[in-house]
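> I would like to see how this sequence folds:
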Amino acid sequence: MLTAIIDYESGNLHSAEKAFQRMAGEVDAGSVVVTSDPDVIAGADRLVLPGDGAFPACATALRASGAFEAMVDAVEVKARPFLGICVGMQLMAREGLEYQPTDGLGWINGVVDRITPSDPALKVPHMGWNDLVIDTPHPVLGGLASGEHAYFVHSYQMRVNSPAERLAHVDYGEDVTAIVARDNMVGFQFHPEKSADAGLRMIANFLTWSP
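Reported below is the predicted structural model:
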């Protein structure tokens, strides 16, 4: 079993790599590698797409990387389990509106737009710990309940058109999407590798998920 964390030069992957390696060891889920090699990605049993920065820059970098076609084939054709993290989750949307309209992967029917808290005292970016509210049960949330803490750093959120594709949200002066999923794909807006025990549990659940 191999989990590939896709490196398209869009973020520091060290902490994610360590967290996934730790949990893969604990649940006997094989090995974890950070890679941009299309052949490794094509042969991986599950894929993780992180991302930090602006949606247009990350979308451009991903499509320009050698990993892009191998990732899409693995997810869409081979139905390999896929996890998007932070901007990696946002890229799953149909479109991003950060700076300029930019096409996403179209895997979740939603649009990524700026967070607009109703309380002016709430600053953007949304940064720090927040309590998850679980909307829809899912295997990646096994053993977890509403009220679990997750660590966020973002100014934009995915607004989904289908409520069934939103697994969890948080309250930040409005409902802010925290987790999305469809078929063999799931996305976390927060950083699970920085979200203490709850985040590690979700990583372990993903590593043992068989959609």
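
> tell me where this structure has helices.
Assigned by DSSP state H, the chain shows helices spanning 14-26, 38-43, 55-64, 67-72, 87-90, 196-207.

> closest to L97 out of those?
Of all the helices of the chain, helix 55-64 sits nearest to L97, with 8.0 Å by CB to CB. Every C-beta, even on glycine, is put in place using the N, C-alpha and C of the backbone.

> one step back: so which of the helices of the chain comes closest to H169?
helix 87-90 (13.0 Å).

> chain center to the closest one, what's the gap?
Centroid separation for helix 87-90 versus its chain: 5 Å, with CA atoms, centre = their mean, to the nearest Å.

> pretty sure A19 sits against P192.
Yes: with contact defined as CB atoms under 8 Å, A19 reaches P192; the gap is 7.0 Å.

> mutual contacts of these two, please.
Residues touching both A19 and P192 by CB atoms under 8 Å, 6 or more residues apart in numbering: G199, L200, I203.

> state the number of residues packed around the last one.
Put plainly, it is I203. Residues lying near I203 (other CB atoms under 10 Å) number 29.

> hang on, it packs against Q21?
No: when contacts are counted by CB under 8 Å, I203 is not listed as touching Q21 (10.0 Å).

> which residue is the nearest non-sequential neighbour of A44?
Closest residue to A44 apart from its sequence neighbours, by CB to CB, 6 or more residues apart in numbering: A4 at 3.7 Å.
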